[in-house]
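Chemist: okay, predicted coordinates and the sequence, questions at the end:
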Amino acid sequence: METRVIEVEVPGRNEVTYREVAQLLARGDIAAIPTETVYGLGADAFNAEAVAKVFEAKERPSFDPLICHLPKAAALHDIADVPPQLEGLVNRLAETFWPGPMTLVLPRKSCVPDIVTSGLPTVACRVPQHETMRGIAKALGHPIAAPSANRFGRISPTSAAAVMKELGGRIPLIIDAGACTEGLESTILLPCTDEKGKPAVQLLREGPITREKLRGICRVLHNKKKGADTTKTMPSAPGQLPSHYAPIKPLLLHNPRLPFSPEPNVAYGLISYQGDSPLARQETWSHVECLSPGSGRLAEAAVRLFAVMRAMDEREDVQVIIAEELPETGIGCAMMDRLRRAAADRS
Ligand code: TXA
Ligand code: MG
C-alpha cells in the first residue's frame, strides 16, 4: 500500500483538508493524525471494522483499548455516562485541562463498540489541544479512536517522518503538521471516589498533566513514594506493559553521577540530560545525545525524548543505549516511567 502524506501548515486554515480526511474516515479508512502529545492512528470510533484496521496496522493485541478523541468537552456525554457523584470533579478537570493532554476513563455508553474499549465497561476520552485532531473529529461528527501511531510496544512517533518509519506501507495516509509540542503521551486519569466517598482520581499513566498540576484540583489516590518505579507500583491501564516504548537496541538506565563500566568491544551511545554530568564526561561513548543541552529544562527534554531514542536506535555507531536517570519532579516522572519501560526485560 502506498502511504500518502498531506501537510497542514497554516493553523486555522485547513478546513478543506479536515473535511477530506473526515470523508476518508467516514468510508471506514484509517489515517495518522497529529496531536500535541504524539501522532495518533485514527479511525471512526463508531465503526468497528475501521477500528479493527488500526489494531491490524499496529499489530496491537486486542486487550489494549483505544482513546476516543473528541472535538469539544460537551461531546463527552455522547460516549460516556458520568456518575452524578463525579460530575463536579469531571467538569473541573475538563475546564482546567481540556483541550489538552489529559485522558479521562469513564463508564461507557453502549454506542461505543467493544473493540474500542476491549470489552471494558469504561471508555478513555480526550479533547486534544491540537487543532488537526479536533478539526477532523468535528468534521467527522464522531469521536476518533486513536492509539499512538507506532508498531505495538515501540517508541511513540512525535513527527510524520517517525510515523512513516513505523507504519509506512501499512496505512493509506499521514497528516503532517510538524513536530509534536508535548512529546509524551497524555496523562490518563480514572475519576473515582476515595475511602470516604469523596471524588478523587487514580493516575493510570503519568504524562504532561503532572501530579503537581493536579494538586489543588483533585486528590490523586495511590500516591507513590518519590523515585518509586511506577512500572511496578501504579495501577495500570491495560496496555501499560512493563516493556513498552522500546527501541530495537538494548537500553539501560544509569545514574549520571556514577561511573559506567563498559563491556569490551561494545559501542555505547549515551542519552544525557544536559551533557555535562560526570557520566557524560566519561570517554566511553561513541555518541552522546543531550535532551536539554546546557539549560536542563525538563519540558524541553520531554519534547525531545522519543526523537532522541529513535535517533540512537538508527545510528550505526551505537549498539547499546545508556540513558541517564532524570530528576523525578514534574514531567520528569513521566519521562522516567517511559525510560523504565524502554529498559524493561523483553524476554
Ligand atoms: O497522548 C495520547 O494519549 C496519545 C494520543 C494519540 O492521543 N494516545 C495514546 O494512545 O497514547 P495509546 O493507545 O498508545 O495509549 C492509550 C492507553 C493504553 O495504555 C490503554 O490501555 C489505555 O490508554 N486505555 C484506553 N482505554 C482504557 C480504559 N477504558 N481503561 C483503562 N485504560 C485505558
Ligand atoms: Mg502507545
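Modeler: Structure received. Ligands and ions are numbered 1, 2, ... in the order given.

Chemist: for the residue lying closest to Ala145 once chain neighbours are set aside, what are its contacts?
Modeler: Take Ala145 and drop its neighbours on the chain: the residue closest to it by Cβ to Cβ, 6 or more residues apart in numbering is Ala45, 3.9 Å away. (Each C-beta comes from the backbone N, C-alpha and C, glycine too.) Contacts were defined as Cβ atoms under 8 Å, 6 or more residues apart in numbering; by that measure Ala45 touches 51, 66, 68, 79, 112-113, 116, 142-145.

Chemist: what about the helices in the chain?
Modeler: Using DSSP state H, the helices assigned to the chain run over residues 15-26, 48-58, 76-79, 87-97, 114-117, 131-140, 160-167, 211-214, 230-233, 278-281, 298-314, 332-343.

Chemist: need the pLDDT of the residue lying closest to Ala162 once chain neighbours are set aside.
Modeler: In space, Ala162 comes closest to Arg310 once its chain neighbours are excluded; the distance is 6.0 Å by Cβ to Cβ, 6+ apart. Among the per-residue scores, Arg310 shows a pLDDT of 96.

Chemist: check the one 4 residues further on too.
Modeler: Glu314 carries a pLDDT score of 95 in this model.

Chemist: then Phe63?
Modeler: What the model reports as pLDDT for Phe63 is 89.

Chemist: first-to-last residue distance for stretch 180-199?
Modeler: Its first and final residues considered, stretch 180-199 spans 33 Å by Cα to Cα, to the nearest Å.

Chemist: chain center to it: distance?
Modeler: Here stretch 180-199 is found 14 Å from its chain centre; the criterion is Cα atoms, centre = their mean, to the nearest Å.

Chemist: buried sites along stretch 186-204?
Modeler: Counting neighbours by 16 or more other Cβ atoms under 10 Å, one finds that the buried residues in stretch 186-204 are 186-191, 199-204.

Chemist: same question, stretch 126-141
Modeler: 126-140.

Chemist: restrict the residues you listed to those near ligand 1?
Modeler: Restricting the buried residues of stretch 126-141 to those near ligand 1 by Cβ under 6 Å from any ligand atom leaves Arg126.

Chemist: just the buried residues of stretch 126-141 now: which is nearest Gly332?
Modeler: Of all those, Gly332 sits closest to Gln129, with 21.2 Å by Cβ to Cβ.

Chemist: can you pull the contacts of Glu131?
Modeler: By Cβ under 8 Å, 6+ apart, the contact set of Glu131 is 11-12, 14.

Chemist: circling back to that earlier point, make JSON lines out of the buried residues of stretch 186-204 and add distance to Ile248 and pLDDT.
Modeler: Output for the buried residues of stretch 186-204, formatted as JSON lines (distance: Cβ to Cβ, whole Å; pLDDT from 0 to 100):
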{"residue": "Ser186", "distance to Ile248": "25", "pLDDT": "98"}
{"residue": "Thr187", "distance to Ile248": "27", "pLDDT": "98"}
{"residue": "Ile188", "distance to Ile248": "26", "pLDDT": "98"}
{"residue": "Leu189", "distance to Ile248": "32", "pLDDT": "98"}
{"residue": "Leu190", "distance to Ile248": "32", "pLDDT": "97"}
{"residue": "Pro191", "distance to Ile248": "37", "pLDDT": "97"}
{"residue": "Pro199", "distance to Ile248": "43", "pLDDT": "96"}
{"residue": "Ala200", "distance to Ile248": "40", "pLDDT": "97"}
{"residue": "Val201", "distance to Ile248": "35", "pLDDT": "97"}
{"residue": "Gln202", "distance to Ile248": "33", "pLDDT": "96"}
{"residue": "Leu203", "distance to Ile248": "29", "pLDDT": "95"}
{"residue": "Leu204", "distance to Ile248": "27", "pLDDT": "95"}
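
Chemist: give me the subset of those residues that also touch ligand 1.
Modeler: Among the buried residues of stretch 186-204, proximity to ligand 1 is found for 186, 188, 204 (Cβ under 6 Å from any ligand atom).

Chemist: ok, now how distant is the residue nearest to Ala145 from ligand 1?
Modeler: Using Cβ to the nearest ligand atom, to the nearest Å, one gets 11 Å for the distance from Ala45 to ligand 1.

Chemist: least confident of the helices of the chain, on average?
Modeler: Across the helices of the chain, helix 230-233 has the smallest mean pLDDT, namely a mean of 63.

Chemist: closest one to ligand 1 out of the buried residues of stretch 186-204, please.
Modeler: Distance from ligand 1 was checked for each of the buried residues of stretch 186-204 by Cβ to the nearest ligand atom. The minimum falls on Ser186, at 3.5 Å.

Chemist: which non-adjacent residue is nearest the closest one?
Modeler: If you skip the residues right next to it in sequence, Ser186 has Pro101 as its closest partner in space, 4.2 Å away by Cβ to Cβ, 6+ apart.

Chemist: now Glu15
Modeler: Gly135 (7.0 Å).

Chemist: correct me if wrong: the one you found contacts Asn14.
Modeler: Yes. With contact taken as Cβ atoms under 8 Å, Gly135 and Asn14 are classed as touching, separated by 6.5 Å.

Chemist: wait, the residue nearest to Ala162 sits on Arg154?
Modeler: No. Under the criterion of Cβ under 8 Å, Arg310 lies out of contact with Arg154, with a separation of 9.3 Å.
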